[in-house]
Each structure stands twice: as C-alpha cells, then as structure tokens.
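Chemist: attaching a predicted model along with its sequence, questions to come.
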Amino acid sequence: MKKPTGKMKRNIVLGGSIVLIVLAAVLLVRGIGKLMDRSADTTAGLEYIRGEENGNITEIETKISQLEQQERGEEDDRSIKEKFAVSVVLGDSIPHGFVEFDILNASNVKAQIGAHLTQLDSQIEEAKALSPLVVFISTGENDVTATEGDTELFIRQYTEVLDKISKELPGANVFVNSIFPVRQNAIGKEPYLENIPAYNEALSELCGSREIGFIDNTELVQDQYYEPDGQHFKAAFYPLWAEHMAEVAQL
C-alpha cells in the first residue's frame, strides 16, 4: 500500500471534517423542524436529545426515529419492558409492584417496600451502576404519614433526593410521579393521607422550579384497581401506569 503523502493526509482530514459538519447540520435541521411543529407534543423527547448532544450519535438517531414514528401515528409494537430498557424506577412498595407482577424487568426497578425519602441512597447507588438514561421516582405515601402533614419538610427531603440523583446520575433525565390518591378506608387508618393533594401540589411546584418532568397520576386510577387496603394496586393497573410514564417521558 502506498504511504499517504502530506496532500493525501490533508484530504483525509478535510473529508472527515466535512462528514462531521454534514451530520451536525442534519441533526440541527431535524431538531429545528420538530420545534417548529406546534402540532407535535414531543417537548420532553427533544429536551432529552438536547441533553444528550455530546452522547452517542447512534442513540440520538434512534431517539429521533422514535419521535418521528410517534408523530406519524405509526403503531409502536415494542413491549413495556423494551420501552423501559434504558430506564430505572426508584421508590417504595407502589412501584415495587412492577417487579411483583412481572411488568418490568427486575433490573429496571430498584424500589423497596416501606422505603422513605430518607432511605433512597442505596437505590440511587444501584441505579448508578446501570447508567440509565431515564430515572423515574415514585414515592411519598409513607412520607406523608412520617412528616405528619408538614409539606415543607417533605419538600426538603425530596430536594435532597433530587440533588443526590443529579450528582450521581448527571446525564439522566428525571421524572417524578405524583403521589397516588388513596381510598377513604386508608385515610381512616392513616388520617395524614388526607393531605396527599397538598403534597402533590408542593411536589409539582418543586419539579417546575427545577425543570424536572412531573407525572400527574391523580386521574389515572379507578376504584377497581385498588387492593382492599385502599392504598396498593392490583396487577391490571401496572401496565396502564407504565404506558402513562412511557408516554410522558417519550420512551
């Protein structure tokens, strides 16, 4: 093979630079086109792409393709487990049901029964080892009771959790689930649960101030999905919830 001359090397470098410039231009044009399309609700997905602008080009192209597919109304035939392949769910006994009913892979759910906000450090450490692109948090019911109606204390504790995630998983896109409403029989046993709407309002405001996605689940559940305790959910509820999260996060 002939040894490249100085001129040939310059041509190779120039050719490589042109390829990179063209690729960057294509990505920029696609991003601007989606921002200009007011009929497509892909804000969360585009924000993810911006956040990954220094990441793997293949992953970015895949995400763009998925968004375009959704905009065209094409059917997404991926399973729920496939949609959550690059995600992790943290929290208490409520999201732990994803594992209990085999809705999501155990590796994508680090939730623990009885967990409080002050006990999520180990879950975050386990999630860190997975390097997820998306982190979902679903907890708070235990904390409503533990903080005895003190929403300010609750928000301080939740802020510490978000700070920890931001530090340990700086590249992850975070989504916070609202605290699920409970039935009256549960409130009869734990009166502080009556304050859940106020806690959700405070949590929504926190997410807004930090520009973090807030997933409102208030209207998602119906009576038939509750277990007899009025707090936990039957297996039939979990696919609905998972799809709701996937839709909001543009998975």
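Modeler: Thanks, I have the structure now. What you are looking at is a predicted structure, and each value in this text was computed from that prediction instead of being measured.

Chemist: all helices in the stretch 1-150 of the chain, in order from the N-terminus.
Modeler: Secondary structure of the stretch 1-150 of the chain (DSSP state H, counting those that start in this stretch): helices at 6-36, 43-51, 57-71, 80-83, 93-100, 121-128, 141-146.

Chemist: pLDDT score assigned to the closest residue in space to residue 94 that isn't next to it in sequence?
Modeler: Distances taken as C-beta to C-beta, 6 or more residues apart in numbering put residue 138 closest to residue 94, at 5.9 Å, once the chain neighbours are dropped. The way it works is simple: take the backbone N, C-alpha and C, and place the C-beta from them, glycine included. Model confidence at residue 138, expressed as pLDDT, equals 97.

Chemist: how much space separates residue 138 from residue 144?
Modeler: For residue 138, the distance to residue 144 (C-beta to C-beta, to the nearest Å) stands at 14 Å.

Chemist: wait, a helix at residue 175?
Modeler: No - counting by DSSP: H, G, I helix; E, B strand; the rest coil, residue 175 falls outside a helix, being strand.

Chemist: is it in contact with residue 133, as I believe?
Modeler: No - taking C-beta atoms under 8 Å as the definition, residue 175 is not a contact partner of residue 133, at 11.6 Å.

Chemist: sorry, back to before: quick one: contacts for the residue nearest to residue 94?
Modeler: If you count contacts by C-beta atoms under 8 Å, 6 or more residues apart in numbering, residue 138 has them with 89-92, 94-95, 111, 177.

Chemist: also residue 162?
Modeler: Residue 162 neighbours (C-beta under 8 Å, 6+ apart): 174, 176, 206, 210, 212.

Chemist: what's the burial count for residue 78?
Modeler: Counted with other C-beta atoms under 10 Å, the neighbours of residue 78 add up to 13.

Chemist: nope, residue 112 is what I meant
Modeler: For residue 112, the neighbour count with other C-beta under 10 Å is 19.

Chemist: residues contacting it?
Modeler: 92-93, 96, 119, 123.

Chemist: got those residues as a markdown table, with pLDDT columns?
Modeler: Below are these laid out as a markdown table (pLDDT from 0 to 100):
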| residue | pLDDT |
| --- | --- |
| 92 | 96 |
| 93 | 95 |
| 96 | 97 |
| 119 | 93 |
| 123 | 96 |
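
Chemist: quick one, which of these are buried?
Modeler: Buried subset of the contacts of residue 112 (neighbour count, 16 or more other C-beta atoms under 10 Å): 92-93, 96, 123.

Chemist: farthest-separated two in those?
Modeler: 93 and 123 (13.0 Å; C-beta to C-beta).

Chemist: quickly list what's touching both of the two.
Modeler: Residues touching both residue 93 and residue 123 (C-beta under 8 Å, 6+ apart) are 111-112, 115.

Chemist: wait, which of the residues you listed is closest to residue 250?
Modeler: Of all these, residue 250 sits closest to residue 111, with 22.1 Å by C-beta to C-beta.

Chemist: was I right about the closest one contacting residue 104?
Modeler: No - look at residue 111 against residue 104 with C-beta under 8 Å: they stay out of range, at 10.1 Å.
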